[in-house]
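Trainee: here is a sequence with its predicted model. Questions after.
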Amino acid sequence: MRKITLGTTDTQITDYCLGTMTWGTHTPEGDAHRQMDMALDAGITIIDTAEMYPVNPVTPETVGLSETVLGNWNAQHPGRRGDYLLATKITGKNAGFVRFGQDITPATFAQALDASLVRLKTDVIDIYQIHWPNRGSYHFRQNWRYDPSAQDRAATRADMLALLEAAERAVKSGKIRHFALSNESAWGTAQWLDLARAHGLPRVQSIQNEYSLLCRLYDTDLAELAVNEAVTLLGYSPLATGLLTGKYQNGALPAGSRMAINGDLGGRKTARAFDAVSAYLEMAARHDLDPVHMALAFSVQRPFGVSTIFGATTCDQLAHILKGIDLTLGADQLAEIDQIHKAHPMPF
């Protein structure tokens, strides 16, 4: 693993990040705690969660459970909270039954933050992220019919400014260290940065967006913004919700898998996706590479700062992932990946 700089801070994080979105349901608490031990022992220094987790499915009854599981580990290991950076998110319209699906406001920002701190059994959250923009987003397969024409620029910027002021109050009170985004666009991120600069408020240090061999929306405008404005990507779904493992090829449907639970993998299950996965699996076999390790290694070698978020339902899956975290792909292998991407662009 490499260490990379978080945004414009002097904080270093590992280029791999442990995700927790199955903790409390598909991953029992004891296994989740074992995963924490395994990840930290492997040298990982950043853990990501969210108030709406666990997922698959998200339900009103389980909201906050992943944070609670992580908080219980914190309580049992009081001397280790300083060993990692804790990232979590405030839910917006992405989970309609949390605060009745209303927009994130300064009041709900403060309320959600306090609730997360209680569940996480900690005094401070290192990276506090807006999970979903109030104005909406093109992420999660909404890019195919994305229409921003109804947006009100002045209202959007006023909304952003109010939330940045809420973040400033949280920073000054010692409840959060860094402000961040998730499922944002290049234009949106630029507005947050502009307002923070103009008003002396906390600037965006990271953006958590989907990124994988099968989902490379980030590669152009957002990558350029990230490099020039020093915004670190926390890339989620690097295995495309399991597609890149190959476990769903040829009609396979493993019992208890994400596809068995939610059907279309959030819109990722398409014929073109299976064709693309086949090409990547063939490449991995030809180079004697594990396809999971290859997919993750690709994501951390991008020409912009990125910490790749991976999750594992079981400890065995996590152990397998950790075996490959030092893999580096060669220039010829990266070039071959680009050729496959050109042949199979954005398959879902």
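Mentor: Thanks, I have it.
Trainee: so which residues of the stretch 201-348 of the chain form helices?
Mentor: 221-229, 258-262, 271-286, 291-300, 315-322, 331-343 (DSSP state H, counting those that start in this stretch).
Trainee: deepest of the ones you listed, which one?
Mentor: helix 291-300 (a mean of 22; mean count of other C-beta atoms under 10 Å). Any C-beta I mention is one placed from the backbone N, CA and C, and that applies to glycine too.
Trainee: what's the closest of the helices of the stretch 201-348 of the chain to Leu214?
Mentor: Of all the helices of the stretch 201-348 of the chain, helix 271-286 sits nearest to Leu214, with 5.9 Å by C-beta to C-beta.
Trainee: by contact count, what packs against that closest one?
Mentor: helix 291-300, helix 331-343 (3 or more C-beta pairs under 8 Å, 6 or more residues apart in numbering; DSSP states H and E).
Trainee: how about the first one as PDB, C-alpha atoms only?
Mentor: By that I understand helix 291-300. This file holds the C-alpha atoms of helix 291-300, laid out as PDB (Å, rounded to 0.1, in the frame of the first residue of the first chain):
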ATOM      1  CA  PRO A 291      -9.200 -10.700 -11.100                       C
ATOM      2  CA  VAL A 292     -10.100  -9.200  -7.700                       C
ATOM      3  CA  HIS A 293      -6.500  -8.100  -7.100                       C
ATOM      4  CA  MET A 294      -6.200  -6.800 -10.700                       C
ATOM      5  CA  ALA A 295      -9.400  -4.700 -10.400                       C
ATOM      6  CA  LEU A 296      -8.300  -3.100  -7.100                       C
ATOM      7  CA  ALA A 297      -4.800  -2.500  -8.300                       C
ATOM      8  CA  PHE A 298      -6.100  -0.700 -11.300                       C
ATOM      9  CA  SER A 299      -8.200   1.600  -9.200                       C
ATOM     10  CA  VAL A 300      -5.300   2.700  -6.900                       C
END
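Trainee: and it, how far out from the chain middle?
Mentor: Mean C-alpha position of helix 291-300 versus that of the full chain (C-alpha atoms, centre = their mean, to the nearest Å) differs by 16 Å.
Trainee: show me what that helix is packed against.
Mentor: Under the contact rule (3+ C-beta pairs under 8 Å, 6+ apart), helix 291-300 is packed against helix 271-286, strand 306-310, helix 315-322, helix 331-343.
Trainee: quick one: mean pLDDT for the last one?
Mentor: Helix 331-343 shows a mean pLDDT of 98 in the predicted model.
Trainee: same thing with stretch 153-171?
Mentor: Stretch 153-171 carries an average pLDDT of 98.
Trainee: buried residues in it?
Mentor: Within stretch 153-171, the residues scored as buried using 16 or more other C-beta atoms under 10 Å are 156, 159-161, 163-168, 170-171.
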